[in-house]
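**Student:** What follows is a predicted protein model with its sequence.
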Amino acid sequence: MSFDGHHSLYHVDCDVGHLACADLGTVNALALASLNAGRQGVRLRVVNASCELQELIELVGLDGVLVGRNRGQPEEREEPVRVEEGSEADDLPV
């Protein structure tokens, strides 16, 4: 894959819909391609990934990088449980 020329592209879609079998080698190759694209000022985005490939990408923690999912968006995560502890003036330390 080559990104020669001026940097007029902001992202490149990598269509992986034709892959018959996805494994960690596939994820590694996509991660390296994304790294090389980023060095050229271009964002690589994986599209048409099978459920298996999406799960592998998520398993290794690259879903935000390769498929554009942001982890921990407010609408996706639960609000943290807040416990407020107060002390009374007559509480003795333990």
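**Tutor:** On my side now, so go ahead. Bear in mind that the values here come from a model prediction, so they are computed numbers and not experimental data. Numbers count the residues shown, from 1 in each chain.

**Student:** low-confidence ranges in this protein?
**Tutor:** 1-9, 68-94 (pLDDT under 70).

**Student:** elements contacting the longest helix belonging to the chain?
**Tutor:** As assigned by DSSP state H, the longest helix anywhere in the chain is helix 24-39. On a contact count with 3 or more Cβ pairs under 8 Å, 6 or more residues apart in numbering; DSSP states H and E, helix 24-39 meets strand 11-15, strand 43-47, helix 51-59, helix 63-66. To be clear about C-beta, it is placed using only N, CA and C from the backbone, and glycine gets the same treatment.

**Student:** buried set for that helix?
**Tutor:** Neighbour counts over helix 24-39 (16 or more other Cβ atoms under 10 Å) mark 26-27, 30-31, 33-34, 37 as buried.

**Student:** now, among these, which is nearest to residue 52?
**Tutor:** Each of the buried residues of helix 24-39 was checked against residue 52 using Cβ to Cβ; the closest is residue 26, at 9.7 Å.

**Student:** List the residues that contact that closest one.
**Tutor:** Neighbouring residues of residue 26 by Cβ atoms under 8 Å, 6 or more residues apart in numbering: 16, 19, 53, 56.

**Student:** The first one is in contact with residue 52, isn't it?
**Tutor:** Looking back up the chat, that one is residue 16. No. Contact criterion Cβ atoms under 8 Å: residue 16 and residue 52 do not qualify, at 11.0 Å.

**Student:** So for these two, which sits in the more crowded spot?
**Tutor:** Using other Cβ atoms under 10 Å as the criterion, residue 16 and residue 52 rank with residue 16 on top: 18 against 13.

**Student:** Pull the contacting residues for that one.
**Tutor:** Residue 16 touches 22, 26, 30, 46-50, 53, counting by Cβ under 8 Å, 6+ apart.

**Student:** Restrict those residues to the buried ones and give me that as a PyMOL selection.
**Tutor:** Selection command for PyMOL covering only the buried members of these, criterion 16+ other Cβ under 10 Å:
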select buried, resi 22+26+30+46+49+53
